[in-house]
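*Asks:* Everything below, folded, please.
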Amino acid sequence: MMTFEWPLMLWFLLALPLLVVLYIFILRRRKRAAVRYANLDLVRAAIGAGSHIRRHVPPVLMLLALAAVLLAAARPIATVTLPTQQETIILAMDVSGSMRAADVQPNRLQAAQAAAKSFVAELPSRTKVGVVAFAATASVVQAPTLSREDLVAAIDRFQLQRGTATGSGLIVALATLFPDAGIDVGQFIYGRSKQDESRSGPIGEPGKPKEPFKPVAPGSNASAAIILLSDGQRTTGPDAVDAARMAADRGVRVYTVGVGTKEGETIGFEGWSMRVRLDEESLKRVAEMTRGEYFYAGNAVDLKKIYQSLNARIAFEKKQTEVSALFAAAGALLATIAVFLSLWWFGRVL
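*Replies:* Numbers count the residues shown, from 1 in each chain. Got it, this is the predicted structure:
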């Protein structure tokens, strides 16, 4: 659907029918003033029906050109699909013990690694990608980089650990996206108090004045995104919903991918066993709060398709953009064609 920034300009389109009436009036006036031939039928036969039709083509094209220019003046806005301006994407990947479950072959982690590497390989070369791994804690495995080789190596280094702190993964991902925002990871994850509430800086760089944080509309940040892959079963750390609220306040969309089956599987390791099921509700809530989207991956094939779908969504996105230039260009083209045909057929400009 198309909207207009200056809709009042559309009233000028009402002048077009008047121009058509004026054109017909001028034609009839010329006809009455023309020299009358003795044999008018013979003259018409000599001119031919094609010439009679052709003389109306340039004026019609000029009328269409004027209509296009008037539409351009109204500043039309349309929803179009454009290359995204996404600059940085963080892959936040679950490496908890539940990811050893084999309900996704060969197991959840290996399937996720393979799909993530395919996703990274197909991203535009200008897009930076960082990798965060989380289990009971979260850490940056690879800082945002353009090097696809470094990213693949980082994904291959994953080691399974105990615990699942989905919220911690999101918070570390946000701190990685905004290193200068003064996000105190220790306070959010471990509850540590700051030494100075009035001054803070990037992680490991205290002392810079803290600027007042101003929330923005959810999903409004077009230069960053987080892709969270997990079975969703949080066992420790901050609430993922609270972390999602932080992402929403910064305009960052979080796309969540639920890996595993809804029935789950019983896994054992070092003398303990547990039933691991996919917790879709929390993943859906995170995606909904941040204006992202949730995807379900029941097997390795689905997981790869989901990453391909995410790639397409991030490489291209729908935006409302002004298309006045297109209408203006169309008007200029039509006017040029009208003048050319008039000179070619009749040796005059209209």
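
*Asks:* Longest helix of this protein, counting residues only.
*Replies:* Secondary structure of the chain read by DSSP state H shows that its longest helix is helix 324-346.

*Asks:* send the alpha carbons of that helix over as CSV?
*Replies:* Listed next in CSV are the C-alpha coordinates belonging to helix 324-346 (Å, rounded to 0.1, in the frame of the first residue of the first chain):
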residue,chain,number,x,y,z
SER,A,324,9.4,10.2,-5.4
ALA,A,325,12.5,9.8,-7.5
LEU,A,326,11.0,6.8,-9.4
PHE,A,327,7.9,8.8,-10.4
ALA,A,328,10.0,11.8,-11.3
ALA,A,329,12.3,9.6,-13.5
ALA,A,330,9.3,8.0,-15.1
GLY,A,331,7.8,11.5,-15.9
ALA,A,332,11.1,12.6,-17.4
LEU,A,333,11.3,9.5,-19.5
LEU,A,334,7.8,9.8,-20.8
ALA,A,335,8.3,13.5,-21.7
THR,A,336,11.5,12.7,-23.5
ILE,A,337,9.8,9.9,-25.5
ALA,A,338,6.9,12.3,-26.4
VAL,A,339,9.3,15.0,-27.7
PHE,A,340,11.4,12.5,-29.7
LEU,A,341,8.3,10.9,-31.4
SER,A,342,6.9,14.3,-32.2
LEU,A,343,10.1,15.4,-33.8
TRP,A,344,10.5,12.1,-35.7
TRP,A,345,7.0,11.9,-37.0
PHE,A,346,6.0,15.5,-37.5
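
*Asks:* List the buried residues in it.
*Replies:* 324, 327, 330-331, 334-335, 337-339, 342 (16 or more other Cβ atoms under 10 Å). C-beta coordinates here come from the backbone N, C-alpha and C atoms, glycine included.

*Asks:* Remind me what that helix packs against, helices and strands.
*Replies:* helix 49-54, helix 57-73 (3 or more Cβ pairs under 8 Å, 6 or more residues apart in numbering; DSSP states H and E).

*Asks:* cutoff 7 Å now
*Replies:* Here helix 324-346 touches helix 57-73, going by 3 or more Cβ pairs under 7 Å, 6 or more residues apart in numbering; DSSP states H and E.

*Asks:* For the helix it packs on, enumerate the helices and strands it packs against.
*Replies:* Looks like helix 57-73 contacts helix 15-33, helix 324-346 (3+ Cβ pairs under 7 Å, 6+ apart).
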